[in-house]
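Novice: Here is my input, please return the structure:
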Amino acid sequence: MVVFPNCKINLGLHITGKRPDGFHSLETVFYPVALTDMLEIITADAVSFHSTGLTIPGATEGNLCLKAYHLLKKDFPDLPPVQMHLHKNIPMGAGLGGGSADGAFALQLLNNKYKLELSSEQLIAYAAQLGSDCPFFILNQACYATGRGEILQPVSLDLSSWQFVLVNPGIHVNTKWAFEQITPGPSGKNLVSIIQSPVEEWKDSLSNDFEAPIAKAYPAIQEIKDQLYALGASYAAMSGSGSTLFGLFNKKPSPAISEYFKGNVYITS
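Specialist: Numbering: from 1, shown residues only. Sure, this is the predicted structure:
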């Protein structure tokens, strides 16, 4: 059985407080984007994990797909051994939630393949144990997110007529460092209200708290954002804690845009 975990972007992102558990409280709007990995799971004699495509750093044991399997195995001891094959296409450490998507899709695939009969609410609870972004990918629709990102409220937002241009500059942003650049506090903005306004009006009202300090440290971030606007984007911003930037285009971008960004670009709807 094969599934195609997709990535997400953040439409606005505000760090609103520091929690007693060490995590930060935030508010954002997650939106799914059709840039995908591929995950296959088959029954096997022993549990194994293989990957192709982009190289995944770190020990295999830490991969969220494997963690998803072992998480379910604790509660479903009859879950058979599986072989997992992940083809990695979504850039990692890029603010796109690709690893979180892989883990969440693994939970859903295992649930469906082996008829565990877990509800969406139960899958969300398992996903929250994998990571803060993981629950979003169970719903996988536009959501206003609070808490650590795991408290989700679906919102009405349809960007299917827009073209997404994702530009990954290959800059690794340390997440711990990124949070240290932020002074948490109420944003004073209503993200749900802002995203209901025309996309062309988002430029002056929809912001990401990480963007300014990270662009200061890595000037290429601001340069790419400026270039996206110069090339016709109606809205451009950084996703998550970076370093991927995205632009929303109301018409198909020029094919030359890929050459302009030296190939580190993904165009999708």
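
Novice: which residues touch the helix or strand residue 136 falls within?
Specialist: Using DSSP states H and E, residue 136 maps to helix 134-139. The contact list for helix 134-139, computed with C-beta atoms under 8 Å, 6 or more residues apart in numbering, reads 5-6, 8, 30, 32, 64, 97, 100-101, 103-105, 107-108, 120, 123-124, 127-128, 143, 145, 149-150, 152, 154. Where you see a C-beta, it was placed from the backbone N, CA and C, and this is true even at glycine.

Novice: Next step: those residues restricted to strands.
Specialist: In this view, the contacts of helix 134-139 that belong to strands under DSSP state E are 6, 8, 30, 32, 143, 145, 152, 154.

Novice: List the buried residues of the helix or strand bottoming out on mean pLDDT in the chain.
Specialist: Least confident element among the helices and strands of the chain, by mean pLDDT, DSSP states H and E: helix 256-260 (a mean of 75). Residues 257, 258 are the ones in helix 256-260 that count as buried (16 or more other C-beta atoms under 10 Å).

Novice: Next SSE downstream of it?
Specialist: strand 265-268.

Novice: average pLDDT for that following strand?
Specialist: Here strand 265-268 scores 83 as its mean pLDDT.

Novice: and that strand, what does it pack onto?
Specialist: Other helices and strands packing on strand 265-268, by 3 or more C-beta pairs under 8 Å, 6 or more residues apart in numbering; DSSP states H and E, are strand 24-36, strand 163-167, helix 256-260.

Novice: number of nearby residues for residue 196?
Specialist: Using other C-beta atoms under 10 Å, residue 196 has 11 other residues around it.

Novice: how about it, what does it touch?
Specialist: Neighbouring residues of residue 196 by C-beta under 8 Å, 6+ apart: 156, 157.

Novice: Over to the one 4 residues further on?
Specialist: Neighbouring residues of residue 200 by C-beta under 8 Å, 6+ apart: 234, 235.

Novice: pretty sure it is in a helix, no?
Specialist: Yes - under DSSP: H, G, I helix; E, B strand; the rest coil, residue 200 sits within a helix.

Novice: what about it, distance to residue 247?
Specialist: Per C-beta to C-beta, to the nearest Å, residue 200 is found 13 Å from residue 247.

Novice: where do the contact lists of these two overlap?
Specialist: residue 235.

Novice: give me phi/psi at the one residue sitting closest to the centre of the chain?
Specialist: Against the mean C-alpha coordinate of the chain, by C-alpha atoms, centre = their mean, the closest residue is residue 97 at 2.5 Å. With angles defined as degrees, to the nearest 10, residue 97 sits at phi 70, psi 20.

Novice: residue contacts, it?
Specialist: Contacts of residue 97 by C-beta under 8 Å, 6+ apart are 7, 8, 30, 133, 136, 137, 240.

Novice: for those, which one is nearest residue 213?
Specialist: Of all the contacts of residue 97, residue 240 has the smallest distance to residue 213: 13.7 Å, by C-beta to C-beta.

Novice: burial measure for that closest one, as a count.
Specialist: 24.

Novice: With adjacent residues omitted, what lies nearest to it?
Specialist: residue 95 (2.9 Å; C-beta to C-beta, 6 or more residues apart in numbering).
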